[in-house]
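Student: Starting from these lines, generate the structure:
(4 chains, ligands or ions: 2)
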Amino acid sequence: MIGKSVKARVTVYPRREILDPQGKAIRDALTRVGFPGVGDVRAGKSFEISLDAADPRTAEGQLREMCEKLLANTVVEDYSVELLAESAESGIRP
Amino acid sequence: MIGKSVKARVTVYPRREILDPQGKAIRDALTRVGFPGVGDVRAGKSFEISLDAADPRTAEGQLREMCEKLLANTVVEDYSVELLAESAESGIRP
Amino acid sequence: MTVAVEPEVNAETARSIGLTEEEYERLRKILGRDPNWTELGITSALWSEHCSYKSSKIYLREFPTEGPHVLQGPGENAGVVDIGHGWVAVFKMESHNHPSFIEPYQGSMTGVGGILRDIFTMGARPIACMDALRFGEIDAPRMRFLIDGVVRGIGGYGNCMGIPTVGGETGFHRCYNGNILVNAFALGVARHDRVFHARASGAGNPVLYVGSRTGRDGIHGATMASESFDKESEQKRPTVQVGDPFTEKVLLEACLEAMRTGAIVAIQDMGAAGLTSSTFEMAGRGGTGLHLDLDKVPLRQPGLTPYEMMLSESQERMVLVAKKGREEEVEKVFRRWGLEVADIGEITTTGRAVLTWQGETAADVPIQPLTEEAPVYRRPVAEPADLAERWRAPEVPQPADPREALERLLATPEFASKRWIWQQYDHTVRTNTVQGPGGDAAVLLLKGTPSGLAMTCDVNPVYCSFDPRRGGAQAVAEAVRNLACVGAEPVGLTDCLNFGNPERPEISWQFREVVRGMSEACRTLSVPVISGNVSFYNETEGASIYPTPAVAMVGVIPDLSNLPDPWFQCAGDRIVLLGEDRSEFGGSAYLRLLHDLEQGRPPEVDLDAELRLARLLRGLVARGLIHTAHDLSEGGFLISLAEACFGRRPLGARVEFPLAGADLFSETQGRAIVACAPAALDRVLQAAEEAGVPAREIGETGGDELVVKSGGEILSAPVSRLHEIWSTALPKALGL
Amino acid sequence: MKCGVVVFPGSNCDHDVYHVLKHVLEQEVTFLWHQDDTLKGSDLVVLPGGFAYGDYLRAGALAALSPVTGAVKQHAEAGGLVLGICNGFQVLLEAGLLPGAMRRNENLRFQCLDVHLRAERTDLPFTHKLKPGQVLRLPIAHAEGNYEDSPARLDALEANGQVVFRYCEPDGRVTPESNPNGAARNIAGITNVGGNVLGLMPHPERCSEAVLGNTDGLALFASAVEAGSRHLQSAGAVR
Ligand SMILES: Nc1ncnc2c1ncn2[C@@H]1O[C@H](COP(=O)(O)OP(=O)(O)O)[C@@H](O)[C@H]1O
Ligand SMILES: [Mg+2]
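Tutor: Ligands and ions are numbered 1, 2, ... in the order given. From the prediction side, this is the model:
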C-alpha cells in the first residue's frame, strides 16, 4: 500500500488509581538529591513510531489499535497517541 | 519556597547511534500482529512530573538538571523537557 | 477527591458482594440488628470461600497433620517442621489463578509476594520458591500472552527479592484454556526458638501498620477468588493489584530485624481481604478484641471510605502488635529501612472489633463469631453418572515406530524441557542451590550442616479427573518418589487444591475423593500435611477445570556427599530398572498426546510398593551406591530413559526392556531407573532384593546413541537429535 | 585485611559475598550501609548483586546517588580496591567509576545460566591468580547485562586493555553464540585505567565452594585478598 510516512508518539502511563512503584521511587530519589519541590512523579513509556498510512486519520486509528493489541496493557495502563510533524527527524534533542 | 505547581513531561530516548533492542523487538512484534506499515520504532521513557517552581524558566532549568543527574543516562540516552499546561493543585488526584 | 456512594444494606446488596440470603440472616442474628455497609463488606470477605474454607473444612479434617517433625500444622500463616541441627522449615503454597488470568504479570507477581509474606511473618527467612503452573493449549486465545506474563511475573518478584525459584511444574491442557492455574510455593528457615505466631494478646498493646500505603487496589479480591469466571470478570478489572517486590524485600529485612528486638507480640501480613482478615484473624486466634482508628491508616490517595480501607488488597503491608511502651524500638527499625509505620489502634478485652473514623463508629462487631464460627457447609455430593463408562479399558494402538512416537512425545510442550521457563528465574542466588530446576527434586544446602533440603511439586490432573481418589494418592506417591531419588526423607507437604464450583455435586465429589486419596497416601507413606490452600470456582462459562491438587513436598537429606544426578554421569555405568512393569494406559500421555484419547481408569497406586521403593532409593543414596536416580512417571519407561540421557553432557545408553511396543510408554507407578558403577551392581541388586523391590539390570550407559531392544524390535536414535527436539520444543511452540 | 560489603536497600547478594570472604577465605568483613559515607577502613569494597532501590528507572541509577557510593568513589580515586558484581557493576557504571552503560538483555528477558568467560587480563589485583586466556565457568542472573558504549569509546577501552572478561565458548573462542545478553564485543567485565576497580556481570560468589559443584569464582576473591594484603605489607614496610 502506498502512503506517506507518518511519525507519531505513543505515551503509555500506569492508570491513575493504580500503584506506580517506579514513579514513587523516582520521586523519593529526586527529593533526596536536592529537588524538594517535586510533587507527584509518574513513570511511563514513550514510543516513537514511523508508519506508512494513507492519511493521518488512518494512521491514528492504526496506532490506537497497536496500543490495544500490544503497546499498552489496558488492564493497568492508559495510553495517548499524538501525530508529530511529518519531518523525518524526531522531536528529541538533548 | 512559595510557587505554583508546574506540570512537565520529560521524555528519554536511547541515542540514535546506540542500538535499541526493545524498539526492534516491538517493531518486529507489530509487523507480526498485522501492522506491515510500521517502519522504525524507538522505545523510550516518559515521566510526568509536577513540581513547585517560582516560574516556568526555573522549572525548566531544574528539570534539565534532574535529567542530567538522574532521569537520563547521557552515555546512551537523549532527553527532552516540555512544560504542560499549569495546574494549580499539585500532588496526587484519586 | 471522590468518595464512593454506599448502597443501602439489604439481602439484595448483600448478595451483590457474595453473601447468601442465609448468611445475611446469620449476620443479622449475630449483630442483633442490621449491619451497616462496612460491616457487611467485612463479613462478606471473612465468610468468602477464600477466607473461610466453608465448603472444604469438613473434608480437610481428614488429612493427617501430625508427625514426629511437625511443630505447627494447618491454621497458621504457614506450617512448621523440624529439619534438625536446631533449624525449622516453614512452608506453604497458595493459588493466584483468577488475578493471573486477568493480568498475568501482576497476578503472578502478587501471588509470589503473598506467599513470601506468609513465610516471613512466621519469623523465617525465605530461601526457596517453586511454582506449579497449568496453562491451556498454547494456541488458545491469549495463551501465549498469559504464559509470557506469568513467567515474567514469577521471575520478576523472586529475582528482585533474591529468593531462588528452584523448581516447579508446568502442564498444558485444554481444560485450562479459560482458567489457568498459578500456584506459588515458598519455604523459609528459622532457628527453633525464633518462630513467630499471629496470635494477638495483651490489652492496651498498640496495633502498628507497616509497609505500603493503602489504595483502592484489589477491593473484593477475596470474593472474586470465590466466584466463577464470566464475561463480567472483565468488569472486575479495577481489582487488579500491583506488586512492588522492592518494598517487599525491604519489608522482609525490616520484619526479621524488628522481630529480634523482642518487642513484637504478634505479626500478620495483609493478604486477601487486607486489613480485615489480618486484624480479625490475629484477634480471633488470640481471643482478644481490638480498636482501630481508621483516620490513622496511611492512604495512597485521599477519600477512601472505611469499607474501602478494610477491604483494600494493596500489597506489601503488615500489621503487628507491639509490646506497650516499646513501640519506638520497633518503629526505629522500620524507619531505618525507609518504611512507613502508623499506630492505628490497640488490643482490647471486649472480643469486639470497633472501628472509628472521623469521630464516628464505622463498625462494631464481635470477632469470634465472624472468624472461628464462620459458616461451614456440607455440600451435596454425587459421583458422575458415566464413571463406569470412563473407566472402560481403552483400546491401545501399537506404535508403528516407537522411535517416532518417542520423538513426537518429546516435542510436545508437556514433555519438552521447561528450561525456557526456569532460565528466567534466578535459581542460584543465596548460594544454597546444589540442584536447581531440571531434576526430579530440587536440592538446597543447609549451610553449616552436612544435610540438605529437597523439594518437589507434582500432580497429574488427567488421573485426578478420571479417578480423583487414585489421582490424589498418585500425586503424593510421585512426590515421595521424586524426593527418594535424591535420598530425601519427606518431612511434610503443602498443597493447593484447585477445583471447579463446589456447589456442583460432582465437583464436591471430586474434592472429597481427592482428599481421601491424598490422606490414604499420606498415612501409608507417613507424610503429614502441614499447610495448604483451596481454590474453588475455577471454571469459565460452566466449563470447569480438571481437579488439580498440586502437591509440594519437602524432605531432608541427612548427608549431601553422595547425591546422585537425575541423569547419566559416565559411560560404563550399569542401568537397573526398579519396580514392576505392567501394561497400564488409563489417562496416559501416550493415548492423550498421540491418539487424542482420554479413557480408562488411571494406573493403580500400590502404596506399600511405593514405600518399599522409596526406602530402597534412600538407602542406595545414603550408601553412595548409585550415580543416577530418576523416577518413571508420565510417559513411562522410554520417556524417563531419554530424560536420563539429557545431562550437562548428553550421554547414550543401550538397554533391553522386557515389554514391547506401546508398553514402553505404560505409566505403571512405583518405578525408577538407577545407574551405578559395575563394581556396585551386586550390592544394588542385593539391596533391592532385601527391600522387596523387583529389580533387573537392563543395560549400560555410553556412546552417543539411545538403543532399546524390546521384544523383537530395536529402537535406536542419536541422543543429540532427541536432545535437540526436547530442548527446543517449548520456545518453538511459543513462537520464539 | 578488611573487606566491606555495601548494602543498598534491595541488595540481595550481600550475604553471599560476605559468606565467601568471611567463611571460605576467613577475612575480616563488615557490611557498609547505603546511608553511611564511611567505608569503616575497608581495604576491599564489594558492591554486591541485587536490585538496589528496586532498580527502578535504570539498574543502579538510584544507588549511584547514595552517600556510600560517594565514599566508594573517593576510595577508588585513592587507588583502593573496588569490586562490582552484577548490580554492583551497574552501579559503578551509573556512578561513572567505570565507562559505558548497561542496556536490557537483547532478548529482553532475565537470564539465569552458567556462561564461560575468557580472562583477558591476568595482571590485575583481581585476576593475578588466573592464567592468561584461562576459561572460567560462572553463573549469570540478570536482565540488564547488555554492555554498550559508542564505538570510539569501545575502541579506547580495548586499546587501554580495560576489557578483563569476555563471554566465550568452553574452549575459549569468543563467538556470538556464547554471548548471553548482546553485550558489545562479548564484554562481561571491565576495569578502570588504574586497574583497581573491577566490574563484571557474572557471579563469582555463587561458585566458590566445592559443595556447590564449582569453585571457578574463588580465584577472583583470593586474588583480591592476596593483592590487598601484599599492598598493606609494603605500605607497612614503607612506614
Ligand atoms: N514452572 C516451573 N518452574 C521451575 N521449574 C520448573 C517449572 N516447570 C518445570 N520445572 C522443572 O522441570 C523439571 C521437570 O518437571 P516435571 O516434568 O514436573 O518433573 P517430574 O515429572 O519429575 O515431576 C523439574 O525439575 C521441575 O522443577
Ligand atoms: Mg513434577
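Student: which residues does the residue in the stretch 551-700 of chain C that ligand 1 sits nearest to contact?
Tutor: Nearest residue of the stretch 551-700 of chain C to ligand 1 (Cβ to the nearest ligand atom) works out as C:S633 at 4.7 Å. Using the backbone N, CA and C atoms, a C-beta is placed for each residue, glycine as well. For C:S633, the contact set (Cβ atoms under 8 Å, 6 or more residues apart in numbering or on different chains) comprises C:D458, C:N460, C:E478, C:R481, C:S640, C:E667.
Student: Let me see the ranges of the strands in chain D.
Tutor: For chain D, the strands defined by DSSP state E occupy D:2-7, D:28-33, D:44-47, D:81-85, D:101-103, D:111-119, D:135-142, D:146-148, D:163-168, D:187-191, D:197-200.
Student: Packing partners of the longest helix anywhere in chain D?
Tutor: The longest helix of chain D (DSSP state H) is helix D:218-238. The contact analysis (3 or more Cβ pairs under 8 Å, 6 or more residues apart in numbering or on different chains; DSSP states H and E) places helix D:218-238 against strand D:44-47, strand D:81-85.
Student: right, is the shortest one up against chain C?
Tutor: Going back to what we said before, that points to strand D:44-47. No: against chain C, strand D:44-47 shows no contacts by Cβ under 8 Å from any Cβ of the partner chain, the least distance being 14.4 Å.
Student: Nearest the geometric middle of chain A, what residue?
Tutor: Nearest to the mean C-alpha position of chain A, by Cα atoms, centre = their mean, lies A:T11 at 1.2 Å.
Student: Burial check on D:P151, number of neighbours?
Tutor: Neighbourhood size, D:P151 [other Cβ atoms under 10 Å in any protein chain shown]: 10.
Student: What sits closest to the residue in chain D positioned nearest to chain C if chain neighbours are left out?
Tutor: Proximity of chain D to chain C (Cβ to the nearest Cβ) peaks at D:N12, 2.4 Å away. Excluding the flanking residues, the one nearest D:N12 by Cβ to Cβ, 6 or more residues apart in numbering or on different chains is C:G162, at 2.4 Å.
Student: Kindly state the pLDDT recorded for the one you found?
Tutor: Listed pLDDT for C:G162 reads 98.
Student: doesn't C:T431 make contact with it?
Tutor: No: C:G162 lies out of contact with C:T431 (Cβ atoms under 8 Å); the separation is 11.0 Å.
Student: Name the residues that touch the lowest-mean-pLDDT helix or strand in chain D?
Tutor: Across the helices and strands of chain D, mean confidence by mean pLDDT, DSSP states H and E is lowest for helix D:218-238: a mean of 84. Outside of helix D:218-238, the residues within contact range by Cβ under 8 Å, 6+ apart are D:1, D:3, D:20-21, D:24-25, D:27, D:43-44, D:81, D:83, D:124-130, D:136, D:204-205, D:207-209.
Student: Give me the angle between it and strand D:111-119.
Tutor: Per axes from the mean of the first three to the mean of the last three Cα atoms, to 10 degrees, the angle that helix D:218-238 makes with strand D:111-119 is 50 degrees.
Student: Pick out the residue of chain A closest to ligand 1.
Tutor: A:N73 (22.1 Å).
Student: What sits closest to that residue if chain neighbours are left out?
Tutor: Nearest one to A:N73, counting by Cβ to Cβ, 6+ apart, is C:E103 at 7.2 Å.
Student: give the contact list for the one you found.
Tutor: C:E103 touches A:N73, A:V75, A:V76, C:G149, C:R237, C:V240, counting by Cβ under 8 Å, 6+ apart.
Student: Using the three-state scheme, assign the residue lying closest to D:S150 once chain neighbours are set aside.
Tutor: Distance criterion Cβ to Cβ, 6+ apart; nearest residue to D:S150, sequence neighbours excluded, is B:E17 at 6.3 Å. Counting by DSSP: H, G, I helix; E, B strand; the rest coil, the backbone at B:E17 sits in coil.
Student: Need the pLDDT of the residue lying closest to D:C168 once chain neighbours are set aside.
Tutor: Nearest residue to D:C168 in three dimensions, chain neighbours excluded: D:R118, at 4.3 Å (Cβ to Cβ, 6+ apart). With respect to pLDDT, D:R118 scores 98.
Student: Distance-wise, check C:D608 relative to chain A.
Tutor: For C:D608, the distance to chain A equals 51 Å [Cβ to the nearest Cβ, to the nearest Å].
Student: burial measure for the closest residue to that residue other than its chain neighbours, as a count.
Tutor: What sits nearest to C:D608 in space, not counting adjacent residues and going by Cβ to Cβ, 6+ apart, is C:T524, at 6.8 Å. As a burial measure, C:T524 scores 18 neighbours (other Cβ under 10 Å).
Student: okay but C:T524 is in contact with C:L611, surely?
Tutor: Yes: applying Cβ under 8 Å as the test, C:T524 and C:L611 come out as touching, 6.3 Å apart.
Student: Excluding sequence neighbours, find me the nearest residue to C:R125.
Tutor: That would be C:G188: by Cβ to Cβ, 6+ apart, it lies 5.4 Å from C:R125.
Student: so who does that neighbour touch?
Tutor: Here C:G188 is in contact with C:A78, C:A89, C:V90, C:F91, C:I119, C:F120, C:M122, C:A124, C:R125, C:P126, C:I127 (criterion: Cβ under 8 Å, 6+ apart).
Student: List the contacts of the fourth one.
Tutor: Right, the one you point to is C:F91. Neighbouring residues of C:F91 by Cβ under 8 Å, 6+ apart: C:78-79, C:81, C:119, C:185-188, C:492, C:494, C:530-531, C:552, C:554.
Student: Including secondary structure and pLDDT, could the residues you listed go into TSV?
Tutor: Converted to TSV, those look like this (DSSP: H, G, I helix; E, B strand; the rest coil; pLDDT from 0 to 100):
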residue	secondary structure	pLDDT
C:A78	coil	95
C:G79	strand	96
C:V81	strand	98
C:I119	helix	97
C:F185	strand	98
C:A186	strand	98
C:L187	strand	98
C:G188	strand	98
C:G492	strand	98
C:T494	strand	98
C:I530	strand	97
C:S531	strand	97
C:A552	strand	98
C:V554	strand	98
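Student: Mind putting those residues into JSON lines with distance to A:M66?
Tutor: Below are the contacts of C:F91 laid out as JSON lines (distance: Cβ to Cβ, whole Å):
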{"residue": "C:A78", "distance to A:M66": "44"}
{"residue": "C:G79", "distance to A:M66": "48"}
{"residue": "C:V81", "distance to A:M66": "52"}
{"residue": "C:I119", "distance to A:M66": "41"}
{"residue": "C:F185", "distance to A:M66": "38"}
{"residue": "C:A186", "distance to A:M66": "38"}
{"residue": "C:L187", "distance to A:M66": "43"}
{"residue": "C:G188", "distance to A:M66": "44"}
{"residue": "C:G492", "distance to A:M66": "50"}
{"residue": "C:T494", "distance to A:M66": "43"}
{"residue": "C:I530", "distance to A:M66": "49"}
{"residue": "C:S531", "distance to A:M66": "45"}
{"residue": "C:A552", "distance to A:M66": "41"}
{"residue": "C:V554", "distance to A:M66": "47"}
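Student: That'll do, ta.
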